[in-house]
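In: show me how the following folds:
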Amino acid sequence: MSAEDRLITSEQMKKVREIDFVTQFAHNSLKKLIEVLGVTRKIPMMEGTTMYLYTTSGTLQSGSVDEGDIIPLSQYAQTKTPVGEITLKKWRKAVSAEAIKKSGYNESVINTDKAMLLDVQKGIRTDFFTLLNGTITGSTSVVGSGLQKALAAAWGQLQVLFEDDTAEAVYFVNPLDMADYLGGATITVQTAFGMNYIENFLGLGTVIMSSQITQGTFLATAKQNLVMYYLTMSGDIAGAFKLTADELGYIGINSGYQNNERAQIESLVMSGIQFFVEYAAGVVKGSIDDSFLTDLTVAPDADDMTYPWTSKTPSDFQDNIAVSGGEITGELIFQEGGLSPSGPLAGDGYFIALKFSNFSSGLTYENVKVGLVASASGMDLQTLDSDKDAVFKITDKDHQKVKVMQTDAAGHKNIQLFGLSGLTLVNA
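Out: Next up, the predicted model:
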């Protein structure tokens, strides 16, 4: 008896699964990265084609020419430097019959296919940052005091380098540098192809965060300087290896084919994608000049200290407070009604009072801001007062931190964070 019409077969389901894989990779992930980078040129290549970086040099002759005289020629030359070939990359994965018997088909085959594709993504990202970090020479350099000034300096250079176009900038920054700067700024962080990014950061352009950028440095270029070369995975190669490819041929996969000689299920992935910058001189290499100042001394406020807005002293609401190694420990005693009739210290809760001293050379309390942060990347900082102390209401000791930031006239910053999870809350 033959199978029923419209029966969904295992081979059809295999194809659906492969289509889902390439769709997730090429459309939902790679497509989004292409949009974020602003890549408008996606160029199919032949295997073994050499990729080049281009630089242009020359001298503009004087335009002051008397009537009838010969106008001098301005000569320019373009130099291309080979930086490698685009090559077909191939990955294979095999799962034994025993593994399928033990863990099931989904766990051993399908989920490991997904993991392999994530690693393929990671490899493409690594190749791109390797190019940016190590291959490009002769690019423009900038230095700025702090992240904002450094990015602004790079933005200015890009406007000069691409003066014939409207340069829409993209920056590549280490996440730790971004976390130091952001503080409590309200931003939206999005994800594309495994990388976090911020659109229109400070009005300067798109910032992409990657740990593959050395902390304290960054790279920037105009989006129109970025190109994506790729080897198409459709056509003959797809037919020869039974690959399912996305509609543009960025990646192909043959998942779950049998190797009966070894009693295993194998998956084959092929791709050849390389993001690239066309003009080396159009890449700006930046340094964040964080000439760190010396740390402040942070200690519990004096037990006999009185404040103008409360009759209580620190000994009424804290005990055995100690500051060591970036952590604050001790006991906080519950205060009914809070420490102030209004403002941030009003209402029932727990409070801590700290004293700040030993400012960096040339700085005073006016150069220091202190506050509570919900995490290392959020803040509500206020300039330190002349008494050089501050009182905070603690609402979530396991996630809040005390943040202290010194800033000198040149914009250099020293940021200190103190965890509060070691505090004990006491109901008096």
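
In: strands of the stretch 201-350 of the chain, residue ranges please.
Out: 206-209, 217-222, 226-231, 244-245, 251-259, 264-271, 273-277, 283-288, 297-300, 318-324, 327-333, 350-357 (DSSP state E, counting those that start in this stretch).

In: out of the ones you listed, deepest packed?
Out: strand 217-222 (a mean of 25; mean count of other C-beta atoms under 10 Å). Bear in mind the C-beta positions are built from the backbone N, C-alpha and C, glycine included.

In: one step back: export the strands of the stretch 201-350 of the chain as CSV, with columns for mean pLDDT.
Out: Formatted as CSV, the strands of the stretch 201-350 of the chain follow (pLDDT from 0 to 100):
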stretch, mean pLDDT
strand 206-209, 91
strand 217-222, 90
strand 226-231, 85
strand 244-245, 80
strand 251-259, 83
strand 264-271, 87
strand 273-277, 83
strand 283-288, 88
strand 297-300, 95
strand 318-324, 95
strand 327-333, 96
strand 350-357, 95
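
In: distance to Thr40 added to those, as JSON lines?
Out: Converted to JSON lines, the strands of the stretch 201-350 of the chain look like this (distance: least, C-beta to C-beta, whole Å):
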{"stretch": "strand 206-209", "distance to Thr40": "14"}
{"stretch": "strand 217-222", "distance to Thr40": "12"}
{"stretch": "strand 226-231", "distance to Thr40": "9"}
{"stretch": "strand 244-245", "distance to Thr40": "22"}
{"stretch": "strand 251-259", "distance to Thr40": "20"}
{"stretch": "strand 264-271", "distance to Thr40": "21"}
{"stretch": "strand 273-277", "distance to Thr40": "13"}
{"stretch": "strand 283-288", "distance to Thr40": "18"}
{"stretch": "strand 297-300", "distance to Thr40": "51"}
{"stretch": "strand 318-324", "distance to Thr40": "53"}
{"stretch": "strand 327-333", "distance to Thr40": "50"}
{"stretch": "strand 350-357", "distance to Thr40": "52"}
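
In: for Gly156, which of those is the nearest?
Out: strand 283-288 (9.4 Å; C-beta to C-beta).

In: which elements pack onto the closest one?
Out: Packing partners of strand 283-288 (3 or more C-beta pairs under 8 Å, 6 or more residues apart in numbering; DSSP states H and E): strand 140-144, helix 147-161, strand 217-222.

In: so which of the ones you listed gets nearest Met45?
Out: Of all these, the one in closest proximity to Met45, counting by C-beta to C-beta, is strand 217-222 (21.0 Å).

In: strand partners of the closest one, parallel vs antiparallel please.
Out: Applying DSSP bridges, strand 217-222 is found paired with strand 169-173 (antiparallel), strand 283-288 (antiparallel).

In: what does it rub up against?
Out: 132-133, 150-151, 154-155, 157-158, 161-162, 165, 167-174, 177, 205, 213, 277, 282-288 (C-beta atoms under 8 Å, 6 or more residues apart in numbering).

In: and those, which are buried?
Out: 132, 150-151, 154-155, 157-158, 161-162, 167, 169-174, 177, 205, 213, 277, 282-286, 288 (16 or more other C-beta atoms under 10 Å).

In: can you put the helices and strands packed on strand 283-288 in a markdown table and add distance to Phe241?
Out: Shown next, in a markdown table, are the helices and strands packed on strand 283-288 (distance: least, C-beta to C-beta, whole Å):
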| stretch | distance to Phe241 |
| --- | --- |
| strand 140-144 | 44 |
| helix 147-161 | 43 |
| strand 217-222 | 36 |
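
In: go through these and name the closest to Ser421.
Out: Closest among these, using C-beta to C-beta: helix 147-161, at 28.0 Å.

In: so what does that closest one touch, helix or strand wise?
Out: strand 140-144, strand 169-173, helix 175-182, strand 217-222, strand 283-288.

In: between these, which one is closest to Val39.
Out: When the helices and strands packed on helix 147-161 are ranked by proximity to Val39 (C-beta to C-beta), strand 169-173 comes first, at 9.8 Å.

In: the closest one relative to helix 175-182, how many degrees between them?
Out: Strand 169-173 runs at 110 degrees relative to helix 175-182, counting by axes from the mean of the first three to the mean of the last three C-alpha atoms, to 10 degrees.

In: what sits up against strand 169-173?
Out: By C-beta under 8 Å, 6+ apart, the residues outside strand 169-173 that reach it are 36-38, 129, 132, 147, 151, 154-155, 158, 201, 204-210, 213, 218-223, 226.

In: report the angle between it and helix 147-161.
Out: 140 degrees.

In: on that earlier part again, among the helices and strands packed on strand 283-288, which is nearest Asp398?
Out: helix 147-161 (28.4 Å).

In: gap between that closest one and the chain center?
Out: Relative to its parent chain, helix 147-161 has a centroid offset of 18 Å by C-alpha atoms, centre = their mean, to the nearest Å.

In: export that helix to PDB, keeping only CA atoms.
Out: Output of helix 147-161 as PDB, limited to C-alpha atoms (Å, rounded to 0.1, in the frame of the first residue of the first chain):
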ATOM      1  CA  LEU A 147      35.100  58.300  25.600                       C
ATOM      2  CA  GLN A 148      32.800  61.100  24.500                       C
ATOM      3  CA  LYS A 149      35.700  63.400  23.500                       C
ATOM      4  CA  ALA A 150      37.600  60.600  21.800                       C
ATOM      5  CA  LEU A 151      34.600  59.500  19.700                       C
ATOM      6  CA  ALA A 152      33.900  63.200  18.900                       C
ATOM      7  CA  ALA A 153      37.500  63.600  17.700                       C
ATOM      8  CA  ALA A 154      37.100  60.500  15.500                       C
ATOM      9  CA  TRP A 155      33.800  61.800  14.100                       C
ATOM     10  CA  GLY A 156      35.500  65.000  13.100                       C
ATOM     11  CA  GLN A 157      38.300  63.100  11.300                       C
ATOM     12  CA  LEU A 158      35.700  61.100   9.400                       C
ATOM     13  CA  GLN A 159      34.000  64.200   8.200                       C
ATOM     14  CA  VAL A 160      37.300  65.300   6.700                       C
ATOM     15  CA  LEU A 161      38.300  62.000   5.300                       C
END
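
In: follow-up on the earlier one: of the strands of the stretch 201-350 of the chain, which is nearest Lys80?
Out: strand 273-277 (12.8 Å).

In: contacts for that closest one?
Out: The contact list for strand 273-277 (C-beta under 8 Å, 6+ apart) reads 30, 37, 39, 51, 53, 86, 124, 127-128, 131-132, 136, 221, 225-231, 250-251, 283.
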